[in-house]
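> quick one, what's the 3D model for this:
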Amino acid sequence: MTHHILKATKETVHLGGFSHLLKPALFVDSHDTIDIETYTGYYVYDKAPSEFLTPEFIDICENLPPEQKIAPGPHLLTGPIYINNAQPGDILEVQLKSISPRLPVGFNAIRAGWGVLPQQFTEAALRFIPLDLKNNFAEFPPGSNIKIPLTPFFGILGVATPENNRNSIPPGAYGGNIDNRQLQAGAKLFLPIYVPGALFSIGDGHSAQGDGEVNVTAIETSMNGRIKLILRKDLQLTTPIAETPTDFITMGFAETLDDALELALKNMIDFLERFANLSPEDAYVLCSLVVNFHITQVVNSPQKGVHGMLSKSILPKLRL
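All right, here's what the predicted structure looks like:
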C-alpha cells in the first residue's frame, strides 16, 4: 500500500464533466490512500473575497488548458485517478477517510431558471458564507445567530464511461453528482467500473446541505480529503451502493422523484436478495417496514435523486 498526495493544479483538475480520454492525474494500486485537494467556484472566482482565493486556484481559473475543459458543467474535479488492473465489470470501493474545508469561506448560488421554485425566485443571486472552522459552524443569515453545523462531504465522486464529454451535472450509475450528504467521512461508496483504470474523479465539496439541495447549491466549498481506493473483483453491481457506519444506502436517479423512488426501492430489494438472501417479496415487505427513503437532490437536471437507508442494526452480520 502506498500513500499519495494529489494537489489541485491546472494540470490535475478538469472542468465541467468526465471523459475517458483525459490523461490521468495519478496512477495508484488497489488499497492505496490519497490525500487529495479540490477547488470549487470556477465561474465565480472573479466575484469572490480574498479568503476564497489562493494563487493555485487563480492559476486554474485563468490558465486551465482547453483540453481540461470537458463539458458545460460548472464543477471543477480533481483527477482522473487511474487504478491499476481495474477493468470494466469490476467495482471501485471508495473509502472516505477524512473530509475538511480547506478555506474559511464557501458560497451559495441561485441560478435563474433552476431550483425547485424558479418562477418565484427568478433572479440569480450569489452569497459568500464565512465558515468558522475552529468551532465547526456557519452563521446564516449573517448576524442571525442561526448556526449551521458543518458536515462536509464531496458532492461528486464518479468514474469515466465510454461516453465522452459527459456533463458533470446529472448523476447516474457511474456516480458523479450524487450530492448525498450521507457520504461524509467514514462512509464508503461502491461504483461500477466502465473503462480500464476506472478513471475516478472527485470534487464539488459541500460544507452543509439539506436533503433536496432545493435552491441548486449547498455551501459550496473547496475541500481537502483523504480517500482509500480498493478494487473489488468479488462484487458485481450495476448501480452505486453506499455504506456509512450506521446504514446501507441504495440510490435511484431519474427525471421524476416518483421514478427515482421506484429505482431506489428496486435497488434496495435487489440488495436484500443478493446480500441477505431474502426472497423478492420478503425484501419488499422489509423495505416497507424498516427502510427510510429520502430525497437526495432535485436540481441536478435532468436527474433527480432518492436514496434508501437500511440500518445496519437490522442485519448486523451483513458485510460488503
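> C-alpha only now, for contacts and for neighbours.
OK.
> correct me, but residue 227 touches residue 81?
No: taking contacts as CA atoms under 8 Å, residue 227 lies outside contact range of residue 81: 11.6 Å.
> what ranges do the strands span in the stretch 1-150 of the chain?
3-6, 13-15, 17-18, 26-28, 32-38, 76-83, 91-101, 105-110, 125-130, 137-139, 147-149 (DSSP state E, counting those that start in this stretch).
> now swap in the stretch 151-300 of the chain and tell me
153-159, 166-167, 175-177, 188-192, 200-206, 223-232, 241-243, 247-254, 292-297.
> mind checking the longest helix of the chain?
Assignment by DSSP state H gives helix 257-276 as the longest helix of the chain.
> that helix vs strand 247-254, what angle?
Interaxial angle of helix 257-276 relative to strand 247-254 (axes from the mean of the first three to the mean of the last three CA atoms, to 10 degrees): 140 degrees.
> show me what helix 257-276 packs onto, helices and strands only.
strand 247-254, helix 280-290, strand 304-311 (3 or more CA pairs under 8 Å, 6 or more residues apart in numbering; DSSP states H and E).
> for that helix, give the mean pLDDT please.
Helix 257-276 comes out with an average pLDDT of 98.
> likewise for stretch 157-175?
Per-residue scores along stretch 157-175 average to 96.
> wait, what's in contact with residue 116?
214, 215, 298, 299 (CA atoms under 8 Å, 6 or more residues apart in numbering).
> swap in 7 Å and give it another go.
214, 215 (CA atoms under 7 Å, 6 or more residues apart in numbering).
> what's the answer for residue 34, then?
3, 4, 5, 6, 226, 227, 228.
> can you do 6 Å?
3, 4, 5, 226, 227 (CA atoms under 6 Å, 6 or more residues apart in numbering).
> one more: residue 224?
Counted by CA under 6 Å, 6+ apart, residue 224 has contacts 36, 37, 99, 100, 102.
> and those, which is the shakiest by pLDDT?
residue 102 (95).
> please save the CA atoms from stretch 250-258 in PDB.
Output of stretch 250-258 as PDB, limited to C-alpha atoms (Å, rounded to 0.1, in the frame of the first residue of the first chain):
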ATOM      1  CA  THR A 250     -29.200   2.400  -2.300                       C
ATOM      2  CA  MET A 251     -29.900   5.100  -4.800                       C
ATOM      3  CA  GLY A 252     -32.200   5.900  -7.700                       C
ATOM      4  CA  PHE A 253     -31.700   8.600 -10.300                       C
ATOM      5  CA  ALA A 254     -34.500   9.500 -12.800                       C
ATOM      6  CA  GLU A 255     -36.200  12.500 -14.300                       C
ATOM      7  CA  THR A 256     -39.000  12.400 -11.700                       C
ATOM      8  CA  LEU A 257     -39.000  11.800  -8.000                       C
ATOM      9  CA  ASP A 258     -41.600   9.000  -8.400                       C
END
